[in-house]
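> Turn this into a model:
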Amino acid sequence: KLLALLVVFDVIQLISGGVRDEVKARAGGSVSLRCAVNTARCGDFHSIKWYKENRRVFVYSPVVDFSKAEGELLQRGSLSLDNQEAKLTISPVQTTDEGEYKCEITFLDISKNCPVVQLVKLTTLAEPKYANISLSSGNA
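Next up is the predicted model:
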């Protein structure tokens, strides 16, 4: 029981102590969500997985040469990568894309204490579809 409790505590600590970012994007435009990779310090990785509200939306693995958008980003998601970060690009942005995104990295060497969970909060902005203006006489 104690081991299970420690594991749960470690996971909560990783998530709460993980890297957080906040991004705003206009509906119809494009947005890139960043995930620090830093292969120079952390070494190579097996895979990077992106989740939106705990639903996987992208998976990338250089080990098996696999890169695929999934779910609601199937036609609109792409990943670009360099030695510092992996960027999940969403285009075109929809208002329903708003939410909490999570990047999970599976490093080959876990002894370097690199962040494996990073969170990005995406807020979408859109022009109103209509405006309703009403006047009141002020007489109550």
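
> The spatially most central residue of the chain: which element?
In the chain, the centroid-proximal residue (CA atoms, centre = their mean) is Y101; its distance is 3.1 Å. In the assignment (DSSP states H and E), Y101 maps to strand 99-107.

> Give the pairing partners of that strand; include direction for each.
Strand 99-107 has these partner strands in its sheet, going by DSSP bridges: strand 45-52 (antiparallel), strand 117-125 (antiparallel).

> Tell me the first helix or strand C-terminal of the first one.
Taking DSSP H and E as the definition, the helix or strand that follows strand 45-52 towards the C-terminus is strand 55-61.

> Helix or strand next in line after that next one, which one?
Counting by DSSP H and E, the next helix or strand C-terminal to strand 55-61 is strand 66-69.

> Name the residues that touch that next one?
Taking contacts as CB atoms under 8 Å, 6 or more residues apart in numbering, the residues outside strand 66-69 that touch it are V57, F58, V59, Y60, S61, Q75, R76, G77, S78, L79. (Each C-beta comes from the backbone N, C-alpha and C, glycine too.)

> Touching, A36 and V117? I think so.
No. Applying CB atoms under 8 Å as the test, A36 and V117 come out as separate, 11.3 Å apart.
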